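K.L.:
sequence unavailable; structure follows:
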């Protein structure tokens, strides 16, 4: 079936559509129906009984594919390459689950996982799922205070961690951060399991800390514990606007059903194929498309411990794809921009055989047209932008490669996926016409696999997502839908600026800036202006070898915005910077930059990759005369 037929099939009878998809995973007891009108936003497959670990591991071994590779660990940072078959993964997971069970971990208990990109991180996630325990993965190396906040919210019985993480040129000791976090937290976990890495072993606290190997050495392997379809599989914390993290809950049944659908229909992946999402287990991509999605589909997943550049060079991605015969590759636009900045003519790519690769998928932030064009010309393959959120758990809009490759439009993640009824609304909650910028919202109910609530915060869930537009989930993104049904995400709602009464998308301006031949990366923010309310201010990172006459480049980009968006944008100023402040997942911290430019108080975001960049930005802004007055 073509995309339009599949979407129409879902639209005509969502209940039957999702029940058919539910039959493609293993249930101990099939749900009596798909949707249950209960909880703040409804639940899926609530009375079915299943186990996520069984669906990700055991059933493939039972089907006779135990010798297929389940996990490839490719670590240029340590110079190692390791594979685990489904049979080996099953043994490892069952043994760890058995050891956790012997220490009292049972269905419903929470376990925090604080690990780098190693296979043991997936083993820990699956061991929790095997027992019906609820895991909460926290990005390895996260600050002690932020980890403490998550410990107090999730109240875990245990923490599973590694002694350290490894970055280019430095080792990050995790254990002191864990010790400090437990000291700061009101809630105290009963025990910690520590994977000792040779690069920096940790000092253990007697009576609380247990060595990964010794802990499970004599454990009896655990069987899978049956759980309800609406039983929480995990809690994943995402930054909240108040500074208090939001614990996104993911259920067990809908999660697996939705991910299984996406692997085939969006990413074109079948059992036995190699899939690589170059992300981290601490982010939603790591949950959906490093761990659960590929394994539920019976594919091979790549766990990559490295960076797009610097481990050792900008060809790291191409080497991994060639050596591991990757079929579909998923990363963030910021990673491709980093490669493009270091190797603008893609000269290194020519040294590698990428014949296994069918497509590159981008998500995590807006994919500017220049980056898409560069990647398409370099790879000579489809480069597919797709859009989703931590809260949704899987793509809202994509080009469904496994169904059919639709014509692409630059700047659009293409079309809405089955399960989602996306509407663009004005400030009063009324739908707007094609091409009109507005708030992107999704009509309730949300599909399977999306968040049913926030952990221990149902009222906050309602206020944050459901209150502003009754009957809709508010995404917090601004955009529009064109006359062909293609969605365009232009900015976070907060990044739509008001210049003399005109609502303008910073994303549209960034698209223009990115097309300048000297610009590797850019950002646009709105700064306070006494006359016009707000004025746009650009930030430019230049390509290696770009000319040193920054003033001329700024004049040229100002002229480009005036020509392509119009004088109404009032775009007059841009600053050249060495780098932009980003979260560890690659999102540019525009709101923080705007506060610096306006001279406002701000809190350094917990997810920032390198806080020192904010000082660099402040210096550049002062030189440019900000804050005004």
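P.N.:
Arrived safely. For clarity, every value in this text was computed on a predicted model and none was experimentally measured. Residues are numbered from 1 along each chain as shown.

K.L.:
so residue 605 belongs to a strand, correct?
P.N.:
No: per DSSP: H, G, I helix; E, B strand; the rest coil, residue 605 lies outside any strand segment and is coil.

K.L.:
wait, isn't it in contact with residue 583?
P.N.:
Yes: using C-beta atoms under 8 Å, residue 605 is in contact with residue 583, at 6.7 Å. C-betas here are computed from N, CA, C, even on glycine.

K.L.:
show me what the closest residue to residue 200 other than its chain neighbours is bridged to.
P.N.:
Nearest non-adjacent residue to residue 200, counting by C-beta to C-beta, 6 or more residues apart in numbering: residue 164, 4.0 Å away. For residue 164, the beta-bridge partners are residue 173 (DSSP bridges).

K.L.:
neighbours of residue 164, how many?
P.N.:
22 (other C-beta atoms under 10 Å).

K.L.:
and residue 559, by the same measure?
P.N.:
11.

K.L.:
and residue 595, by the same measure?
P.N.:
For residue 595, the neighbour count with other C-beta under 10 Å is 18.

K.L.:
okay, now the domains of this protein?
P.N.:
3-306+386-479, 500-623 (automatic domain parsing).

K.L.:
comparing those domains by mean pLDDT, which bottoms out?
P.N.:
Sorting the domains of the chain by mean pLDDT places domain 500-623 lowest, at a mean of 89.

K.L.:
how about the helices in the stretch 351-500 of the chain?
P.N.:
369-379, 458-461 (DSSP state H, counting those that start in this stretch).

K.L.:
avg pLDDT for the first one?
P.N.:
Which is helix 369-379. 93.

K.L.:
other SSEs contacting that helix?
P.N.:
helix 333-342, strand 359-362, strand 383-385, helix 506-514 (3 or more C-beta pairs under 8 Å, 6 or more residues apart in numbering; DSSP states H and E).

K.L.:
other residues contacting it?
P.N.:
Helix 369-379 is contacted from outside by 333, 336-337, 340, 346, 349, 354, 357, 360, 362, 382-383, 385, 410-411, 511, 514-515, 519, using C-beta atoms under 8 Å, 6 or more residues apart in numbering.

K.L.:
now a PyMOL select for only the buried ones of those residues.
P.N.:
Selection command for PyMOL covering only the buried members of these, criterion 16 or more other C-beta atoms under 10 Å:
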select buried, resi 333+336+337+340+346+349+354+357+360+362+382+383+385+411+511+514+515+519
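
K.L.:
ok so, going back, list the residues that contact the residue nearest to residue 200.
P.N.:
Applying C-beta under 8 Å, 6+ apart, we find residue 164 in contact with 116, 171, 172, 173, 174, 175, 197, 199, 200, 202.

K.L.:
let's see it at 6 Å
P.N.:
Residue 164 sits next to 171, 172, 173, 174, 197, 199, 200 when contact means C-beta atoms under 6 Å, 6 or more residues apart in numbering.

K.L.:
just put the residues you listed in a markdown table and tack on neighbour count and distance to residue 539.
P.N.:
Output for the contacts of residue 164, formatted as a markdown table (neighbours: other C-beta atoms under 10 Å; distance: C-beta to C-beta, whole Å):
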| residue | neighbour count | distance to residue 539 |
| --- | --- | --- |
| 171 | 13 | 31 |
| 172 | 14 | 28 |
| 173 | 16 | 33 |
| 174 | 25 | 33 |
| 197 | 21 | 37 |
| 199 | 14 | 35 |
| 200 | 16 | 36 |
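
K.L.:
list just the nearest of these to residue 50.
P.N.:
Residue 50 has its nearest neighbour among the contacts of residue 164 in residue 174, at 32.9 Å by C-beta to C-beta.

K.L.:
what about that closest one, distance to residue 235?
P.N.:
Computed with C-beta to C-beta, to the nearest Å, the distance linking residue 174 and residue 235 is 20 Å.

K.L.:
check residue 81 too.
P.N.:
Residue 81 is 32 Å from residue 235, by C-beta to C-beta.

K.L.:
what does residue 208 give?
P.N.:
Distance from residue 208 to residue 235, by C-beta to C-beta: 23 Å.

K.L.:
between the two, who's got more neighbours?
P.N.:
residue 235 (24 against 14).

K.L.:
and the helix or strand where the more buried one lies, how far out from the chain middle?
P.N.:
Here residue 235 is covered by strand 232-238, with elements defined by DSSP states H and E. How far strand 232-238 lies from its chain's middle: 13 Å, per C-alpha atoms, centre = their mean, to the nearest Å.

K.L.:
now for the next helix or strand after that strand, which elements pack on it?
P.N.:
Next along the chain after strand 232-238, taking DSSP H and E as the criterion, comes strand 246-251. Counting contacts by 3 or more C-beta pairs under 6 Å, 6 or more residues apart in numbering; DSSP states H and E, strand 246-251 is packed against strand 232-238.

K.L.:
do that again at 10 Å, thanks
P.N.:
strand 134-137, helix 144-154, strand 232-238, helix 458-461 (3 or more C-beta pairs under 10 Å, 6 or more residues apart in numbering; DSSP states H and E).

K.L.:
any chance of the ones you listed in TSV, with distance to residue 90 too?
P.N.:
Shown next, in TSV, are the helices and strands packed on strand 246-251 (distance: least, C-beta to C-beta, whole Å):
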stretch	distance to residue 90
strand 134-137	18
helix 144-154	27
strand 232-238	19
helix 458-461	36
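
K.L.:
what's the closest of the ones you listed to residue 43?
P.N.:
strand 232-238 (11.0 Å).

K.L.:
just want the angle from that closest one to strand 246-251.
P.N.:
160 degrees (axes from the mean of the first three to the mean of the last three C-alpha atoms, to 10 degrees).

K.L.:
wait, doesn't residue 398 sit right on residue 387?
P.N.:
Yes: the criterion here is C-beta atoms under 10 Å, and residue 398 meets it with residue 387 at 7.5 Å.

K.L.:
now the common contact residues for the two.
P.N.:
Residues touching both residue 398 and residue 387 (C-beta atoms under 10 Å, 6 or more residues apart in numbering) are 363, 413, 414, 416, 417, 487.

K.L.:
where do the helices sit along the stretch 201-350 of the chain?
P.N.:
Using DSSP H, counting those that start in this stretch, helices in the stretch 201-350 of the chain cover 212-216, 253-265, 284-286, 293-296, 316-324, 333-342.
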